[in-house]
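Colleague: Okay, structure incoming, though there's no sequence with it:
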């Protein structure tokens, strides 16, 4: 029997995370065509049920029982076996097996799909999975993107040997992949890598050196960078190699796992320090283009990283709303208190914006794979933008949700502490925030990558013809032109001044992209249902991030925060709601 004290401590356990998220349902209907959405929806519902129940419990147990490294067997022979808690193994079966998340982009028949599953469906499913388990999606993504690299650049022999295994849904046949670049001498500075590739007299390549942060340490194959002897310094001299843990003849390759990392977050998944001591390696693609090929893999991984952080934001919002609405203090629910209502409204807007950016990024990847040249250029810049802003902001949103829950939020029996810990890794994986902001700047300066982004956002805004939304469309269009003028002056700036603008311009570009998506999606929702929900979200988002105001003035006033319940519950919002948001007139 539940006691009054237990009722005062509400939990989300047992919730179907898909059915509880009206925004995800609405967004999937926008980014997927009708047939795709109809086929995907039963699987989204199934994943939502798993994520809110079984997976959530497994993730808690796996976090509390991280993997251990068994280096030697009973005969004193080196084995370097990573031992996982049964909860982690069960989560692997759900991700790789039941839902086929690593395989679905590469083979027919996964989830009964007639061909490869669209990326946008995969990312929507993974968004639900990541709300309960963040760390395992690193191995899933590395296996998925490794198969992508092998299909694009691998030799016929390597594809024949490994591609079917990388895309298997049978756990006994599965070959997991990973990507190892980081060294003691070069984390973000990949060009400082010292791992050397030498060719034997028989033509075989062998690697010598150390890799310092190797996620999915138990993987069967690693895509790695090494410098062939005689190659030039810097990234231009790095080649991409595939390094198997076990050679085709069944013998262990000459690599060792020195120890596992004792990580702050993502504790369920094993990360290690690795030494190559003459490890056999197979070139992947052009030796002279290894770094560029690897960065293509990294850029796809950045979208996955952004998705996982957006999922943490959604789970944090879900926890905060559940707690604030049921917890009574000073005679009324916490969610009726003005300061907390304003905080929750902001979390709603930021979370919905992040989901839109991520799933539109996945849709762009689908168009790129279908041969749309403009999609590749757009993906080049939107992916680092999403990775840059969403991963750093997830730290704030998860911490705020912990604060909403109070003391219990700080206790490891509740999910909040794990959400906070995992959020910090998102901002480091595939490049820390400064590094990624500078990559955005390089994309602008070297490839004019901002032009397809500005064109994409402008096109979305031109679809918004609702007069009540025009002030907010104008704010966004003005912002796009301001950024265009700003970056046009970058070549003439001293290097230091230019570099110092990388982060504020990346911030602004992200907000303009997010706002253009929310407003255009809001127009679609208004026409389909007469619901101004997403137009209101877009206006609130712009009010928070892009409309200048006196720093002593709150972003949201009494009239705006009155819409919290309608926004959170996805009850219809009238068009008149836009009139309450000040700042765009």
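Modeller: Structure's in. What do you need? The structure presented is a predicted model; accordingly, all values stated were derived computationally and were not measured. Numbers count the residues shown, from 1 in each chain.
Colleague: Just give me how far the helix or strand that residue 384 is a member of sits from the chain centre.
Modeller: Using DSSP states H and E, residue 384 sits in helix 373-405. The gap between where helix 373-405 is centred and where its chain is centred comes out at 7 Å by CA atoms, centre = their mean, to the nearest Å.
Colleague: What of stretch 174-191?
Modeller: 18 Å.
Colleague: change the start of the numbering to 30 and stick with it
Modeller: Sure, I'll start numbering at 30, so the last one becomes stretch 203-220.
Colleague: What residues of that stretch count as buried?
Modeller: 203-212, 215-217, 219-220 (16 or more other CB atoms under 10 Å). Backbone N, C-alpha and C define where each C-beta goes, glycine included.
Colleague: got it, and stretch 138-151?
Modeller: So for stretch 138-151, counting by 16+ other CB under 10 Å, buried means 139, 140, 142, 145, 146, 147, 148, 149, 150, 151.
Colleague: How about stretch 353-373?
Modeller: By 16+ other CB under 10 Å, the buried positions in stretch 353-373 come out as 353, 354, 356, 363, 364, 365, 366, 369, 370, 371, 372, 373.
Colleague: And those residues, which two are furthest apart?
Modeller: 356 and 371 (17.4 Å; CB to CB).
Colleague: so for the helix holding residue 413, what's the average pLDDT?
Modeller: What helix 402-434 shows for mean pLDDT is 96.
Colleague: elements contacting that helix?
Modeller: Counting contacts by 3 or more CB pairs under 8 Å, 6 or more residues apart in numbering; DSSP states H and E, helix 402-434 packs against helix 319-355, helix 367-398, helix 445-455, helix 462-476, helix 479-491, helix 531-558.
Colleague: can you put these in a markdown table and add distance to residue 502 and mean pLDDT?
Modeller: Output for those, formatted as a markdown table (distance: least, CB to CB, whole Å; pLDDT from 0 to 100):
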| stretch | distance to residue 502 | mean pLDDT |
| --- | --- | --- |
| helix 319-355 | 24 | 94 |
| helix 367-398 | 16 | 97 |
| helix 445-455 | 31 | 96 |
| helix 462-476 | 24 | 95 |
| helix 479-491 | 5 | 97 |
| helix 531-558 | 6 | 98 |
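Colleague: would you list these in CSV and tack on distance to residue 410?
Modeller: Compiled in CSV, these are given as follows (distance: least, CB to CB, whole Å):
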stretch, distance to residue 410
helix 319-355, 10
helix 367-398, 10
helix 445-455, 19
helix 462-476, 5
helix 479-491, 5
helix 531-558, 8
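Colleague: For residue 125, see how far away the residue located most distally from the centre of the chain is.
Modeller: Farthest-out residue of the chain from its mean C-alpha position, per CA atoms, centre = their mean: residue 230, at 43.5 Å. Relative to residue 125, residue 230 is positioned 40 Å away (CB to CB, to the nearest Å).
Colleague: Over to residue 320?
Modeller: In terms of CB to CB, residue 320 sits 29 Å off from residue 125.
Colleague: Which one's more surrounded, the two?
Modeller: Taking other CB atoms under 10 Å, residue 320 and residue 125 do not tie; residue 125 has more neighbours (24 against 21).
Colleague: contacting residues around that one?
Modeller: Residues in contact with residue 125 (CB atoms under 8 Å, 6 or more residues apart in numbering) are 131, 132, 169, 172, 197, 198, 200, 203, 205.
Colleague: Kindly recompute the last result at 6 Å.
Modeller: Residues near residue 125 by CB atoms under 6 Å, 6 or more residues apart in numbering: 131, 203.
Colleague: now it: how far from residue 239?
Modeller: Per CB to CB, residue 125 is found 29 Å from residue 239.
Colleague: which parts of the helix holding residue 413 are buried?
Modeller: Those would be 404-424, 426-431, 433-434, for helix 402-434 by 16+ other CB under 10 Å.
Colleague: Repeat that for stretch 107-118.
Modeller: 109, 111, 113, 114, 116, 117.
Colleague: now stretch 465-483
Modeller: Buried positions in stretch 465-483, judged by neighbour count with 16+ other CB under 10 Å: 465-470, 472-473, 478-479, 481-483.
Colleague: for stretch 178-189, same thing?
Modeller: 178, 179, 182, 183, 187.
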